[in-house]
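Peer 1: Mind folding the following:
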Amino acid sequence: MPMARTMLRLAALLLPLGWLALAATARADGWELDLDGRLVSSNADPSYTQGGISGVRFDQDQSGLRLGRARFALTESLGELWSVHLDASAWGDHDRIPVGLTEAFLQFRPYPFAGYRLRIKAGAFYPPISLENRESGWESPYTLSYSAIDSWLAIEVRTVGVEAQLDWLGTRQGHDFDLGFTAGAFGWNEGAGGFIAGDGFTLTDRQTPLGGRVGLPNDPVLMNFEPFRQLDGRAGVYGGLEARWLDRVVVRALRYDNRADPTAMDYASNAIAWETTFSAVGARYEDSNGITAIVQGLKGDTTIAPGGYWLDWPFKAEYALLAKTIGRHTLSARYDRFEVDTGVNNGGDGAEIGHALTAAYVFAPDAHWRFTLEWLHVSSNSYEREDAFNLPPFASETLVQLAVRYALGSAVR
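Peer 2: Down below sits the predicted model:
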C-alpha cells in the first residue's frame, strides 16, 4: 500500500507536466522532460518540508522510494536575438504549489560587437553565484545534494527583476582570459534571510518554486513563510565580476543587497521584510584530465526590526569540492562548513554551527540516463533544534540516495 500511494502521487504530479510538454513541444526550439526517482535511506529528523529542522532533505520516515524531481523546461526563440525560458518542477512534498516555476525569464542576446558581448535577462532566475550548479534546471553534475551555499540559494534567493551582463572577449583578441561584469535589480525577495535565521543551513536539492512557501503551517519557526515577497516597495541590487582563463579557471565574485526595510511588516499575514546582504567569492578549475576543483565562500547578514527592536543574524558558509571524470563516470567529494550567529555573545535564537561531508558517484551511459549514488553526512549544533523542536541541540544525520534520472527532449544531447 505505501508503494501504491507513492506511485499514485507520482502520477498526479506528472500529469500537469505531461500536458504542458505535449502542448508546448510542437513548436519549441528546445524542451526537456526529466524524471528523477530516488531510493532513500536516512536517519535524520524531519526537514523543513515536513515541518522540522533537519540538515538534509529526506528524514527517516521518508526512507524508501521517493520522487527526487519531475521537471519540464522550455526554451523558445523569438527571432534571432530574443528567447524565453520556462522551468517547471514538482518535488512530491507538501508545498501549496505541487507543480511550480523555478525560473521564467525573457533574454536578449545581441551579436558580439567590438570584442564585447551583452546579455540582458528579465523575469525570475538565479543570480550568477553558483559554481557547481551548471547543468540544466540549475542542477549539479557532481552530486545530488547541493552545497550549503547553493542549497540556501535554492530555498529562498531568486532574482525577480532584470540583469545585464557585459563580457569582454579577450580570448578572441589574442589574450588568455575573458572578463564579465554583471549588475542586477530586483524585487520580491524580502523573505530571503528568514530561513537562515530560523532553520540555519541545510543541504538539499529542492528549489522553492515562485510563489511557494517554506515550512508547514504548524512549523514553530518558519510557519509556512513566503520567501518571494515585496513589502516595502524598495528594489534590491547586486553586482558581480567574473574572470575566465582559457576555459580552465573561472573566478567569480558578487555583492548582493536586497535593500529591504527591516521595520516593514504585513500585519495581515505577519510577514516581515528581512534586510539581507552578502558577498560570495569562489573559483573553479578544470583540466584536460577530467579533474574539477571548486572552492567558494559566502558571508553575510540578515536583520529584522519589528516595532523598532533590532535582531541580527550574521552567517557564513564555505565549501571545497573535488571531482574526477573518467569517461562516463564521475567521482566527487565535497566538504562544507557553515555558521549562523545571533549578533550577541552568548548565542540565542537561530545560532548554529556545523559541517558536512558528501561523496557521490555518477554514471551517465548516454544523454538520457543518469545514475547517481550519494552519501551525505551532516553534523550540526543548533539552538532552535532544542528550543523550538524539543530535540537534542546536536545532530549527526546521514542520508544515502540512489537516484535514477531519465531525460528526453530536443534539448537533451
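
Peer 1: Return stretch 89-104 as PDB; C-alpha atoms alone will do.
Peer 2: This file holds the C-alpha atoms of stretch 89-104, laid out as PDB (Å, rounded to 0.1, in the frame of the first residue of the first chain):
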ATOM      1  CA  SER A  89       9.200  21.200 -11.400                       C
ATOM      2  CA  ALA A  90       7.300  19.000  -9.000                       C
ATOM      3  CA  TRP A  91       9.000  17.700  -5.800                       C
ATOM      4  CA  GLY A  92       6.500  15.400  -4.300                       C
ATOM      5  CA  ASP A  93       6.100  17.100  -0.900                       C
ATOM      6  CA  HIS A  94       3.700  19.400   0.900                       C
ATOM      7  CA  ASP A  95       4.200  22.800  -0.800                       C
ATOM      8  CA  ARG A  96       1.000  24.600  -1.600                       C
ATOM      9  CA  ILE A  97       2.200  24.600  -5.300                       C
ATOM     10  CA  PRO A  98       2.600  20.900  -6.300                       C
ATOM     11  CA  VAL A  99       4.000  22.000  -9.700                       C
ATOM     12  CA  GLY A 100       5.700  25.400  -9.900                       C
ATOM     13  CA  LEU A 101       8.100  27.500 -11.900                       C
ATOM     14  CA  THR A 102      11.600  27.800 -10.500                       C
ATOM     15  CA  GLU A 103      12.700  30.100 -13.300                       C
ATOM     16  CA  ALA A 104      10.900  32.100 -16.000                       C
END
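
Peer 1: could you give the mean pLDDT of that stretch?
Peer 2: Throughout stretch 89-104, pLDDT has a mean value of 90.

Peer 1: For that stretch, buried residues please.
Peer 2: Of the residues in stretch 89-104, those with enough neighbours to count as buried (16 or more other C-beta atoms under 10 Å) are 89-93, 95, 98-104. From N, CA and C alone the C-beta is placed, and that goes for glycine too.

Peer 1: same question, stretch 284-301
Peer 2: Under the neighbour-count criterion of 16+ other C-beta under 10 Å, stretch 284-301 has Arg284, Glu286, Thr292, Ile294, Gln296, Leu298, Gly300, Asp301 buried.

Peer 1: Which residue lies closest in space to Glu318, excluding its sequence neighbours?
Peer 2: With sequence-adjacent residues excluded and distances taken as C-beta to C-beta, 6 or more residues apart in numbering, Glu318 is closest to Gly297, at 3.9 Å.

Peer 1: Quick check: the one you found touching Ala283?
Peer 2: No - counting by C-beta atoms under 8 Å, Gly297 sits too far from Ala283 to count as a contact (10.2 Å).

Peer 1: Overlap of the contact sets of those two?
Peer 2: Shared between the contact lists of Gly297 and Ala283 (criterion: C-beta atoms under 8 Å, 6 or more residues apart in numbering) there are no residues.

Peer 1: For the stretch 1-150 of the chain, just list every one of the strands.
Peer 2: Assignment of strands within the stretch 1-150 of the chain using DSSP state E, counting those that start in this stretch yields the ranges 30-42, 64-78, 82-90, 99-108, 116-125.

Peer 1: nope, the stretch 201-350 of the chain is what I meant
Peer 2: Here the stretch 201-350 of the chain has its strands, by DSSP E, counting those that start in this stretch, at 236-245, 249-257, 265-266, 271-272, 275-286, 291-304, 311-326, 329-340.

Peer 1: Same list, those strands, but as JSON lines with distance to Asp219 and mean pLDDT please.
Peer 2: Conversion of these to JSON lines gives the following (distance: least, C-beta to C-beta, whole Å; pLDDT from 0 to 100):
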{"stretch": "strand 236-245", "distance to Asp219": "26", "mean pLDDT": "98"}
{"stretch": "strand 249-257", "distance to Asp219": "26", "mean pLDDT": "98"}
{"stretch": "strand 265-266", "distance to Asp219": "18", "mean pLDDT": "89"}
{"stretch": "strand 271-272", "distance to Asp219": "15", "mean pLDDT": "89"}
{"stretch": "strand 275-286", "distance to Asp219": "20", "mean pLDDT": "98"}
{"stretch": "strand 291-304", "distance to Asp219": "18", "mean pLDDT": "97"}
{"stretch": "strand 311-326", "distance to Asp219": "18", "mean pLDDT": "97"}
{"stretch": "strand 329-340", "distance to Asp219": "17", "mean pLDDT": "98"}
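
Peer 1: where does the stretch 51-200 of the chain dip in pLDDT?
Peer 2: Screening the stretch 51-200 of the chain residue by residue with the criterion pLDDT under 70, one finds no matching range.

Peer 1: re the thing from before, right, and the strands of the stretch 1-150 of the chain - which one's nearest Glu352?
Peer 2: Between Glu352 and these, the tightest spacing by C-beta to C-beta is seen for strand 30-42, at 19.8 Å.
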